[in-house]
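>>> Prediction below, plus the sequence it came from.
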Amino acid sequence: MNTMRNKIILHYDMDCFFAAVEIRDNPSLAGKPIIVGESIVTTASYEARKFGIHSAMSVYEAKKLCPKLIVVPVSKDKYGEVAYQIQGLVQKISEQVEFLSFDEGFADITEIINSFPSKDYFAQKFRDRIFEITKLSCSVGIGYNKLTAKMASEVNKPQGHFIFNNPEEFVDFIKNKKINIIPGVGKKFQEILEEKSFIKISDLYKITAREMCRMFGNSRGALLYNVIRGIDHSRIEFDRMTQSIGNENTFKNPLILEEEIDKELDEIFQFAYNRLISHEFICKTVTLKVKFSDMESITRSKTFQIPTDVPYKLKKTIIELLEKEHIEKPIRLLGIYFGNLIEKSKRQLNIDFNKI
Ligand code: TTP
Ligand code: MG
């Protein structure tokens, strides 16, 4: 068995993301053709897609296709907030994560999947949990690499999941599909392929890697050769500097009493702190996030002069941030994040003797 087969990767992609958030927050939009955008369509509800409306189309053109179309302006901050919640959950299940955009990402679940009854069970639980937290649906794919996970999440979209356990299953699934099922094969490349009478994926298996490179260029040819065989060695890109490490919790029964808040804060801190330490990071910024039961939310941060991982200092800062707020409303969510992360080993090597 090669290493490729040993990994288990989950990919999630929110359904109709911007539109779904808008519908969630204004249920009178449900079941109607809506798009989110000002002059360009960012996304369309499934009802609007039935008219042929899609992302990147002009709103003018979209309205011609569906005169009853409802146009909702973009609220990036709101989608960012939801993305943050989702990413918090994903970071809880795995330390190897990569977020491709607001609504899409990968998690390496190799280490934890064996403690669940099955991949199918895990995918369902993941979707349920996302819905519980955000009241939004997503689609999930589980594969043995990033490519197959991403393609799996498309299979039962929306509100579904699918699993590729190995290359045999993958090839069996895609061989009779059209070539544009492959991510990255756009209209232009599809036309080039069709000119050469490659219509279905199965038409490509008889071509050797060398021939493919000759026909389509080295990198594109090699990529195509691998992709149709379910081969992808790309790694999860965990970008440490742009991400923070932390933890948050949503409470079914909002917290009111001081001792309840302290207890929860303690637990969240411990979890977040353990993650910081296990990654061997020190941090420069500490962030406290609080969401109230009336949905108002606040995010407060403090940045230190010198990065630290001293628990006492980190905890004290969090408590100070909380106390400054004079909270009187019930709390629905508490979160603690450590940002501006620096690898501890690098920090030690970076000591500048001139400055001591
Ligand atoms: P996608 O995941 O591509 O689309 P989607 O979530 O709207 O729909 P699907 O159910 O098919 O996954 O993109 C995520 C969000 O990113 C989308 O809701 C709006 C935004 N977006 C843009 O702003 N511009 C674009 O061109 C695209 C494709 C998406
Ligand atoms: Mg999406």
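That came in fine, so what should we check first? Ligands and ions are numbered 1, 2, ... in the order given.
>>> For the stretch 151-300 of the chain, what lies in contact range of ligand 1?
Listed as neighbours of ligand 1 in the stretch 151-300 of the chain under the rule C-beta under 6 Å from any ligand atom: Lys157, Pro158. C-betas here are computed from N, CA, C, even on glycine.
>>> please redo it, this time with the cut-off set to 5 Å
Near ligand 1, no residue belonging to the stretch 151-300 of the chain is found when assessed by C-beta under 5 Å from any ligand atom.
>>> so where's the stretch 151-300 of the chain shaky on pLDDT?
With pLDDT under 70 as the threshold, the stretch 151-300 of the chain has low-confidence stretches at 239-242.
>>> In the chain, which residue is most central in space?
By C-alpha atoms, centre = their mean, the mean C-alpha position of the chain lies nearest to Gly105, the distance being 3.0 Å.
>>> For Glu237, give me its contacts.
Contact analysis of Glu237 by C-beta atoms under 8 Å, 6 or more residues apart in numbering lists Glu98.
>>> Report the separation between it and Tyr12.
With distances taken as C-beta to C-beta, to the nearest Å, Glu237 is found 16 Å from Tyr12.
>>> try Ile327
Counting by C-beta to C-beta, the separation of Ile327 from Tyr12 is 33 Å.
>>> go on, Met151?
13 Å.
>>> Common neighbours of these two, please.
Any residue near both Met151 and Tyr12 by C-beta under 8 Å, 6+ apart counts here, and that gives Gly141.
>>> Tell me, how many residues neighbour Asn166?
Burial of Asn166, expressed as a neighbour count using other C-beta atoms under 10 Å, amounts to 15.
>>> From Leu100, how far out is it?
Between Asn166 and Leu100 the distance is 24 Å, computed by C-beta to C-beta.
>>> can you point me to the longest helix in this structure?
Selection of the longest helix in the chain by residue count, based on DSSP state H, yields helix 258-278.
>>> Who are the contact partners of Ser58?
Here Ser58 is in contact with Ser39, Ile40, Val41 (criterion: C-beta under 8 Å, 6+ apart).
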